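Colleague: sequence first, predicted model second:
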Protein chains: 2
Amino acid sequence: MSARRAVVTGAAGFIGSTLVDRLLDAGWSVVGYDNFSTGLSEFLETARANRNFTLVRGDLLDPPTLDAAVAGAEIVFHLAANADVRHGTEHPRRDLEQNTIGTFNVLEAMRKGGAKRIAFSSTGSIYGEHHVVPTPEDAPFPIQTSLYGASKLAGEGLIQAYCEGFGMSAAIFRFVSVLGERYTHGHVFDFCRKLFADPARLPVLGDGKQRKSYMYVQDCVGAVLLAAESCTDKVGIFNLGIDGSIEVRQSIGWITDELGLQPELVFAGGTRGWIGDSPLIQLDTARITRLGWVPQVGIEAAVRRTVRWLAANRWVFERRA
Amino acid sequence: MSARRAVVTGAAGFIGSTLVDRLLDAGWSVVGYDNFSTGLSEFLETARANRNFTLVRGDLLDPPTLDAAVAGAEIVFHLAANADVRHGTEHPRRDLEQNTIGTFNVLEAMRKGGAKRIAFSSTGSIYGEHHVVPTPEDAPFPIQTSLYGASKLAGEGLIQAYCEGFGMSAAIFRFVSVLGERYTHGHVFDFCRKLFADPARLPVLGDGKQRKSYMYVQDCVGAVLLAAESCTDKVGIFNLGIDGSIEVRQSIGWITDELGLQPELVFAGGTRGWIGDSPLIQLDTARITRLGWVPQVGIEAAVRRTVRWLAANRWVFERRA
């Protein structure tokens, strides 16, 4: 009997490669699709040693390659995206092409190749700056505030229309920020990079009181697998995140503790972090919780695991220079 | 002193050409943009006699032509779209290209050319099959049920993100069906076509009890002009429609009465109309009403005016054969 076949787009990414490993562990046959614009081949080392894994190097904007990879899949986990939320206004076409048109191409490949189920990584940014906090999936129709959010909204709408028009079904996930092994961007990454360069002094943008919330990557992937397998709605939409938040100052304490450092903290001042630093998004996760999902790793533990992984894998800073 | 300059995309369409005439009447300098895929040059006869009108024949997917047309405009009324709601699943790429990418190209032309305000014709279809009826603008986050709705949702999201990212402002209009002079598709058009071909016998799909709601085109354009001029929100979203609905059988009575005919009605039976016949959409229009909008023409009068115009302009049936 042949294994069930799944396609993962963005397979060489942080979350994508973690999902690939989990699917292979569960006995799936997996086709990994990535253009390696930000994905790292090292993240697929374990997968490539597995005979149930096939890697396809291709772009979402290359339909022939995509069509061939997707044909016959039981499910497509569509995670590939331009995830550069901060700099959307510098290259507005990138979100349109990689996220909106890319998702359209995935759906067309599914339609042509008979694939009927899709799991999609959307974003909590889709709620804009919502007045309902924590924000549930059926909050009042939001206003978009970023090109990234708008491109994911477009992707969601396309998926929903394909489900209605072509008999597909979907599990759509609206993520908050994710931390864990293979994490290669964001504030924990930036602080570690600075501390490895200068252990005595840590410049901190803003006043360090910016609030953040993070989900651990294995909890995130667990939720995706749970809903993809158990939700039978034509279109199931799930917020993914965890309760509570931390201040950046707290995470600095955990980072320096893990690294055994006591740097001088140099605050730039003001209440703002990075340019385009995303405001805290707090999602209502009652819906995924009702499916039986229980996150196993809190924010502090996720930060600490991330730091330990970065300390043991300093090569990623070269690749993200 | 030079006149204020507006661009109207879809200028040769039913609503677009009506808007062009109203803008010219109000003293604007107007650039009409149309690819004439469905627009009719006859609708711009009055406008072309006005020295404040410039016609540009171009497609939304032709950025150089679009950029040149949009540069320096005070406001862009972006009405051009693929409006073939019924047959979206037969050509899924058309909605993506004409509605989503087309809107992106309009926004890029505005950004490059310094145009800061956009009025956009979205659709009530964006609410899918909503459980809140009549549906307000801030109804719970809807699920898309058509490629047309999804493509307009994507357009709205892009516009909202451009407003936030590039200092633009927008008035977004979610329309129901519109009737009036220059109307060239839909059930009143189809019935008139059949009756002009055979005045003795009128085949009616379904049981004639399908409910419809229509706004008169001049009321629609009046609302667009009102909100475009008076709403100062960064992103103003307005449902446009009128209270109440009719049964198709009622409109048949008004149509035959206007034409002085007493055809035999041949019902196909069942509760459904055309394939893909859109379900009745009822929108909550309290928001545009608060701006001072009062529709002047009810559904019956709109049907009767449309029939009289079609009877006097039978050439349009040749052009829509």
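Modeller: Looks like it arrived, so ask away.
Colleague: quick one: mean pLDDT over stretch A:200-216.
Modeller: Computed over stretch A:200-216, the mean pLDDT rounds to 91.
Colleague: same question, stretch A:182-197
Modeller: Rounded mean pLDDT across stretch A:182-197 is 94.
Colleague: same question, stretch A:281-299
Modeller: pLDDT averaged over stretch A:281-299 gives 95.
Colleague: list the neighbours of it that are in contact with it.
Modeller: Here stretch A:281-299 makes contact (CB atoms under 8 Å, 6 or more residues apart in numbering or on different chains) with A:124-125, A:127, A:133-137, A:174, A:176, A:179-180, A:212-216, A:218-219, A:222-223, A:226-227, A:230-231, A:237-246, A:251, A:305. To be clear about C-beta, it is placed using only N, CA and C from the backbone, and glycine gets the same treatment.
Colleague: do stretch A:137-152 and chain B meet at all?
Modeller: Yes. Interface with chain B: stretch A:137-152 contributes A:137-147, A:149-151 (CB under 8 Å from any CB of the partner chain).
Colleague: got the domain ranges for chain A?
Modeller: Domain ranges of chain A: A:5-177+A:214-240, A:184-213+A:243-280+A:296-319, per automatic domain parsing.
Colleague: before we move on, back to that, among the contacts of stretch A:281-299, name the ones in helices.
Modeller: Taking DSSP state H, the ones among the contacts of stretch A:281-299 that sit in helices are A:218-219, A:222-223, A:226-227, A:230, A:251, A:305.
Colleague: filter the residues you listed to the buried ones?
Modeller: Among the ones in helices among the contacts of stretch A:281-299, those classed as buried by 16 or more other CB atoms under 10 Å in any protein chain shown are A:218-219, A:222-223, A:226-227, A:251, A:305.
Colleague: which bits of the stretch 151-300 of chain A sit near chain B?
Modeller: Counting by CB under 8 Å from any CB, the stretch 151-300 of chain A sits next to chain B at A:151, A:153-154, A:156-158, A:160-162, A:164-166, A:235, A:237.
Colleague: just to revisit the earlier point, and the buried ones among the ones in helices among the contacts of stretch A:281-299, which two are the farthest apart?
Modeller: Spanning the widest gap among these are A:227 and A:251, at 28.4 Å by CB to CB.
Colleague: so of the contacts of stretch A:281-299, which ones are in strands?
Modeller: Counted as lying in strands by DSSP state E, out of the contacts of stretch A:281-299, are A:174, A:179, A:212, A:214-216, A:237-240, A:246.
Colleague: want to try JSON lines for these, with neighbour count as columns?
Modeller: Listed next are the ones in strands among the contacts of stretch A:281-299 as JSON lines, based on neighbours: other CB atoms under 10 Å in any protein chain shown:
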{"residue": "A:174", "neighbour count": "24"}
{"residue": "A:179", "neighbour count": "27"}
{"residue": "A:212", "neighbour count": "23"}
{"residue": "A:214", "neighbour count": "28"}
{"residue": "A:215", "neighbour count": "25"}
{"residue": "A:216", "neighbour count": "23"}
{"residue": "A:237", "neighbour count": "24"}
{"residue": "A:238", "neighbour count": "25"}
{"residue": "A:239", "neighbour count": "26"}
{"residue": "A:240", "neighbour count": "27"}
{"residue": "A:246", "neighbour count": "19"}
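Colleague: widest-spaced pair of the residues you listed?
Modeller: Among these, A:237 and A:246 lie farthest apart (CB to CB), at 26.6 Å.
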